[in-house]
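Engineer: coordinates only, sequence not included:
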């Protein structure tokens with residue numbers, strides 16, 4: 001069974017900038033079919049808007065027109081696009097992150113992969129939203145790219161060990 005995953009915009013951006021980065025390695029797991037990736041139209045639009053920002057393109061010369069179009073096409077080809085995402089969770093401290101949480105809940109994702117502090121805080125915070133998140137969406141984990149890579153590696157090892 002594949003690991004069901006949602007990446008946030010910055011994870012996608014880091015993967016596009018540097019294929020050898022931790023985020024790039026996470027995306028490679030999607031390309032290899034080890035991980036099932038989910039996006040929404042809203043997420044796709046945010047990725048495209050952010051990756052095409054002039055100051056981002058100026059800073060990261062690897063983001064050529066060809067690279068951007070190829071990467072966006074790759075996401076559309078590899079990811080499962082979820083059309084209707086009901087709002088089941090609110091995150092007042094960063095409402096822009098709600099799209100990732102609600103997407104992950106809708107597609108029953110195992111993980112949200114991010115470096116976003118507001119999302120990561122949901123796993124350990126003591127505020128109302130963090131506690132509610134952990135209670136309502138118990139199997140869903142918010143992890144950073146390095147931790148995600150370790151988890152997937154261990155799951156692959158477990159799967160191989162179980163094969164006769």
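Structural biologist: Alright, I've got the coordinates. The structure displayed is predicted, hence computed values, not measured ones.
Engineer: remind me, longest helix of the protein?
Structural biologist: Taking DSSP state H as the criterion, the chain has its longest helix at helix 145-162.
Engineer: Show me how far that one is from its chain's centre.
Structural biologist: Offset of helix 145-162 from its chain centre (Cα atoms, centre = their mean, to the nearest Å): 17 Å.
Engineer: and if you look at stretch 93-112?
Structural biologist: Per Cα atoms, centre = their mean, the displacement of stretch 93-112 from the mean C-alpha position of its chain is 9 Å.
Engineer: end-to-end on that stretch?
Structural biologist: 18 Å (Cα to Cα, to the nearest Å).
Engineer: Buried residues, that stretch. List them.
Structural biologist: Buried positions in stretch 93-112, judged by neighbour count with 16 or more other Cβ atoms under 10 Å: 97-107, 109-112. The way it works is simple: take the backbone N, C-alpha and C, and place the C-beta from them, glycine included.
Engineer: what's the answer for stretch 80-88, then?
Structural biologist: Applying a neighbour-count criterion of 16+ other Cβ under 10 Å, the buried positions in stretch 80-88 are 82, 85.
Engineer: tell me the two of the buried residues of stretch 93-112 that are most distant?
Structural biologist: Checked with Cβ to Cβ, these reach their widest spread between 98 and 110, with 19.1 Å between them.
Engineer: Next up, the contacts around residue 127.
Structural biologist: When contacts are counted by Cβ atoms under 8 Å, 6 or more residues apart in numbering, residue 127 is found next to no other residue.
Engineer: Tell me which residues are up against stretch 99-113.
Structural biologist: Outside stretch 99-113, the residues within contact range by Cβ under 8 Å, 6+ apart are 3-8, 11, 23, 26, 38-40, 42-43, 46, 80, 82, 84-89, 91, 114, 119, 122, 133, 137, 139-145, 148, 151.
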